[in-house]
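# return atomic coordinates for the entry below.
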Amino acid sequence: MELKQTENIKSFMFNSILGVIFAYISVVIFSFAAALPIPANVFEPIAQSSPKFAFAVLDLFTIGLPLAFTYFIFVYITRKSKTYVELVTPILLALPFFLLHSYFVILSFPSSRIDFYLASTSPKYILLIVIVGFITAKKYRQN
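Residues are numbered from 1 along each chain as shown. As a prediction, the model looks like this:
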C-alpha cells in the first residue's frame, strides 16, 4: 500500500513538472509563431473574404498545430515513462498551460472589437481543448 502511494506521488510530481515545462514551451511556440513572416499572396485571398476567419486559420496553423504536436510528445513521454494515469495525466499536462494562457488572455482582453479578438485567438486554444478531451475520453469510449 505504501509503495503504491509513493508511486502515485512520483507520477503526480513528474506529470506536474512536465505540465509546467509544456507551459513554458508554449510561450516559445507563441513567440516563434509571432515572428513568422507570412507572405501577403498566401494570406490575402482568405483575408479579402473574411479577415476574422483568415486570422483564425493563421493562428490555427502557426500556433495551434505546433502546440498540439508538442502536447502529443509530452503524452507520449508520460506513457513511455510508466507514469501515465488515464484521467489525471492529460489534465495535469494541460492545466499549467491553460492557467498561464488564461492569465495572458485576461491581461490582453480588449475593450473594443471583442468579436475580432475572440475569433482570432480562440482556435489555437480550442484545438488543444479538443485534443485533451479526446485523450481523456478515450478510456470511456473503450468501455
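# list the helices and strands the biggest helix by length in the chain packs on?
Secondary structure of the chain per DSSP state H: the longest helix is helix 2-35. Counting contacts by 3 or more C-beta pairs under 8 Å, 6 or more residues apart in numbering; DSSP states H and E, helix 2-35 is packed against helix 65-80, helix 88-108. C-beta here means a position set from N, CA and C on the backbone, and glycine is covered the same way.
# quick one: which of the ones you listed is nearest residue 127?
Residue 127 sits nearest to helix 65-80 of all the helices and strands packed on helix 2-35, at 5.7 Å, using C-beta to C-beta.
# quick one: the helices and strands packed on helix 2-35 as a markdown table, columns for mean neighbour count and distance to residue 30 too.
Putting these into a markdown table (neighbours: other C-beta atoms under 10 Å; distance: least, C-beta to C-beta, whole Å) gives the following:
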| stretch | mean neighbour count | distance to residue 30 |
| --- | --- | --- |
| helix 65-80 | 16 | 9 |
| helix 88-108 | 17 | 9 |
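# out of these, nearest to residue 20?
Judging those by C-beta to C-beta, what sits closest to residue 20 is helix 88-108, at 4.9 Å.
# ok so, going back, least confident of the helices and strands packed on helix 2-35, on average?
Here the lowest mean pLDDT among those goes to helix 88-108, at a mean of 86.
# check the offset of it from the chain's centre.
8 Å (C-alpha atoms, centre = their mean, to the nearest Å).
# report the buried residues of the next helix or strand after that helix.
Following helix 88-108 in sequence order, the next helix or strand is helix 114-142 (DSSP states H and E). Neighbour-count burial for helix 114-142, counted by 16 or more other C-beta atoms under 10 Å, picks out 117, 119-125, 127-128, 131-132, 135-136.
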